[in-house]
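[1] Got a sequence here, can you model it:
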Amino acid sequence: MTATRQGYVQLYTGDGKGKTTAALGLIVRALGQGLRPAVLQFMKSDPSWGEIVTLKRLGVPVEQCGLDHWVFKGEASEEDLAVAAAGFAKARTLVAGGDYDLVVLDELITAVFFALIPVREVLALMAAKPPGVELVMTGRRAPEELVAAADLVTEMRPLKHYYDAGVAARPGIEY
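    Below you'll find the model as predicted:
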């Protein structure tokens, strides 16, 4: 890790498209400058998605912490909670371990919204982040506590989307 580089907490939220895409762009930029990124995806479980395939080709450690089904607010199973808790334990290790300059916790904020991970634990992770680590979190419906604690917050807001005209998610563009 670069001793003189200050890391911050970035949060990408909102109902618009582009949260994960923005985080992945930071990974490309970080690799270009010799930084060491890692990615942990919450609530996702498909290793064939384009970003997973590409990150692995680039040598970026990436792990998915989700099951192959949707989670509904207030209806998380014990297995959903256990997988999320194990993922969050891994997130703590990635952030504190000293091996990575940039840690992306994709869909962590969504996991908080679905009550898979308590907001207080995310706040504790943010507070314990080593100074040289850039921590990026993505997901819809960020609670105000996380917005207040982050250094950079961007809200993606949809103005128009082809989904509304019935276009399905497309390989290479949406996943």
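[2] When you work out contacts or count neighbours from here on, use the C-alpha atoms and nothing else.
    Fine.
[3] Let me see the ranges of the strands in this protein.
    Using DSSP state E, the strands of the chain run over residues 9-13, 37-42, 62-65, 102-106, 134-138, 152-155.
[4] Those strands into a markdown table, with extra columns for mean pLDDT?
    Listed next are the strands of the chain as a markdown table, based on pLDDT from 0 to 100:
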| stretch | mean pLDDT |
| --- | --- |
| strand 9-13 | 98 |
| strand 37-42 | 98 |
| strand 62-65 | 95 |
| strand 102-106 | 98 |
| strand 134-138 | 98 |
| strand 152-155 | 98 |
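[5] Can I get these in JSON lines including distance to Ile27?
    What follows is the strands of the chain, written out as JSON lines (distance: least, Cα to Cα, whole Å):
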{"stretch": "strand 9-13", "distance to Ile27": "13"}
{"stretch": "strand 37-42", "distance to Ile27": "6"}
{"stretch": "strand 62-65", "distance to Ile27": "11"}
{"stretch": "strand 102-106", "distance to Ile27": "8"}
{"stretch": "strand 134-138", "distance to Ile27": "10"}
{"stretch": "strand 152-155", "distance to Ile27": "16"}
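[6] With distance to Glu75 and mean neighbour count added, can I get those strands in TSV?
    Shown next, in TSV, are those (distance: least, Cα to Cα, whole Å; neighbours: other Cα atoms under 10 Å):
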stretch	distance to Glu75	mean neighbour count
strand 9-13	23	24
strand 37-42	17	24
strand 62-65	18	19
strand 102-106	21	26
strand 134-138	22	25
strand 152-155	27	16
